[in-house]
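A.B. asks: fold the following.
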Amino acid sequence: MKMSAFIGQEARSGVYSNCVIGIVAYFILFPSIIYINSVDIPKFLVKTSAGEYELLNKSACPIVEINKETSLINVQKNVSSKQLDFIKQFVSSGGEWMPKHCIPQHHTAIIVCYRNRTEQLQTFLYHMHSFLQKQNIHYQIFVIEQTFDAEFNRGKLFNVGYREVTMRSLAGCFIFHDVDLMPENINNIYGCTDCPRHMSTSINVFNYKLPYYNIFGGAIAMTRRQFHDINGFSNIFYGWGGEDDDLFNRVYHRGYRVCRYQSFISRYTMLTHEKEIPNENRMQYLRNGPKRFYTDGVDSVTYNLIKYEKLPLYTRILVKV
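C.D. replies: Reported below is the predicted structural model:
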């Protein structure tokens, strides 16, 4: 039997025997989480450009020089329309950008789940375009927007984003990103590694510490193969909570190990927002998760595409789920 994130919940029930069993099983059966030292980041990064630049007579782009002395990037929380207009001149339609002087080693699709957070989206777009263009990668920002017909479903929106993007893009790296998280350190390369990567491990609202060991939410990086192998996210987690823990369990089930950069690199600022209503069935869904890994995921996601449009700073994909 595969262990999953609900072990921690049962251990808190106060039953001593369950607590001991849960703790022992946790450390025996959970995969090791690899912490990548800053100097080793280039060794773990996977090139995902898919050969679309073979005819260009240019050298490969270097990644940013990774060291502890690199200054943190300031997160500006109040962004004006004039500032957004300014960065539009540097970005292609649909929120796409690539370096002109060299061939990027990483082709990344940044998939953002979204509904009704206009100010946060503006902050995200301004910050991310400024941030990513310092990394010499080819990237495009896709915002998957859910209509108001149902409760918000983060996991399903990410599945939709993956399906829609893979039909239109050669991107080999996918970063599944919350709209309220802003990376602080330029060393946090927005490319994929040879293991699924938890990117947002050090967040300001948690005093830059992990809330729990196997957390796997916020910002996640996976290659096409990795996301396909785990069958993406579950589609049944409407409301807040559970889909990220279920994703961790899927990664473990398929034999992958999660990796993380060191905390000083994986720093993020979280923008303030109202707390979402928890999904009251999330613990039951987590317990039953292994029964659905092959039948409930990106291969089975259903949705109605309302609009697909390339805007100046991002590609908007409006869906009903």
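
A.B. asks: quick check: which element contains residue 143?
C.D. replies: strand 138-146 (DSSP states H and E).

A.B. asks: quick one: mean pLDDT for whichever helix or strand comes after that strand?
C.D. replies: The helix or strand immediately downstream of strand 138-146 is helix 154-166, counting by DSSP H and E. Averaging pLDDT along helix 154-166 gives 98.

A.B. asks: contact partners of helix 154-166?
C.D. replies: If you take Cβ atoms under 8 Å, 6 or more residues apart in numbering as the criterion, helix 154-166 is touched by 109, 111-114, 142, 144, 146, 171, 174, 176, 224, 227, 232-235, 237, 243, 246-247, 297-298, 301, 303, 305, 308, 317, 319, 321. Quick note: C-beta positions are derived from backbone N, CA and C, even for glycine.

A.B. asks: among these, name the buried ones.
C.D. replies: Neighbour-count burial (16 or more other Cβ atoms under 10 Å) is assigned, among those, to 109, 111-114, 142, 144, 146, 171, 174, 176, 224, 227, 232-235, 237, 243, 246-247, 297-298, 301, 303, 317, 319, 321.

A.B. asks: by contact count, what packs against the helix or strand where residue 249 lies?
C.D. replies: Assigned by DSSP H and E, residue 249 belongs to helix 243-253. Contact analysis of helix 243-253 by 3 or more Cβ pairs under 8 Å, 6 or more residues apart in numbering; DSSP states H and E lists helix 154-166, helix 282-287 as its packing neighbours.

A.B. asks: could those be laid out in TSV, adding distance to residue 94?
C.D. replies: Formatted as TSV, the helices and strands packed on helix 243-253 follow (distance: least, Cβ to Cβ, whole Å):
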stretch	distance to residue 94
helix 154-166	11
helix 282-287	34
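
A.B. asks: winner for burial among these?
C.D. replies: helix 154-166 (a mean of 24; mean count of other Cβ atoms under 10 Å).

A.B. asks: so what are the sheet partners of the helix or strand following that one and their directions?
C.D. replies: Past helix 154-166, further along toward the C-terminus, the next helix or strand under DSSP H and E is strand 173-178. When pairing is defined by DSSP bridges, strand 173-178 lines up against strand 107-114 (parallel), strand 219-223 (antiparallel).

A.B. asks: next SSE after the longest one?
C.D. replies: Read that as strand 107-114. With DSSP H and E, the next secondary element past strand 107-114 is helix 118-132.

A.B. asks: about what we covered before: among the helices and strands packed on helix 243-253, which is nearest residue 127?
C.D. replies: Evaluated over those, closeness to residue 127 peaks at helix 154-166, with 19.7 Å, by Cβ to Cβ.

A.B. asks: what angle do the closest one and strand 219-223 make?
C.D. replies: Relative orientation of helix 154-166 versus strand 219-223 (axes from the mean of the first three to the mean of the last three Cα atoms, to 10 degrees): 40 degrees.

A.B. asks: kindly format the C-alpha coordinates of helix 154-166 as PDB.
C.D. replies: Output of helix 154-166 as PDB, limited to C-alpha atoms (Å, rounded to 0.1, in the frame of the first residue of the first chain):
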ATOM      1  CA  ARG A 154      -7.000  24.200  -9.300                       C
ATOM      2  CA  GLY A 155      -5.800  20.800 -10.300                       C
ATOM      3  CA  LYS A 156      -8.300  20.500 -13.200                       C
ATOM      4  CA  LEU A 157      -7.300  23.900 -14.500                       C
ATOM      5  CA  PHE A 158      -3.700  22.800 -14.600                       C
ATOM      6  CA  ASN A 159      -4.700  19.700 -16.500                       C
ATOM      7  CA  VAL A 160      -6.600  21.900 -19.000                       C
ATOM      8  CA  GLY A 161      -3.600  24.200 -19.400                       C
ATOM      9  CA  TYR A 162      -1.300  21.300 -20.100                       C
ATOM     10  CA  ARG A 163      -3.700  19.800 -22.700                       C
ATOM     11  CA  GLU A 164      -4.200  23.100 -24.500                       C
ATOM     12  CA  VAL A 165      -0.600  24.200 -24.400                       C
ATOM     13  CA  THR A 166       0.800  20.800 -25.800                       C
END
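
A.B. asks: angle of that helix against helix 243-253?
C.D. replies: 70 degrees.

A.B. asks: separation between residue 284 and residue 246?
C.D. replies: In this view, residue 284 and residue 246 are 12 Å apart by Cβ to Cβ, to the nearest Å.

A.B. asks: show the contacting residues for residue 236.
C.D. replies: Residue 236 touches 285, 292, 296, counting by Cβ under 8 Å, 6+ apart.

A.B. asks: just name the closest of those residues to residue 85, please.
C.D. replies: Distances from residue 85 to the contacts of residue 236, taken by Cβ to Cβ, are shortest for residue 296, at 42.6 Å.

A.B. asks: I'm done for today, thanks for sticking with me.
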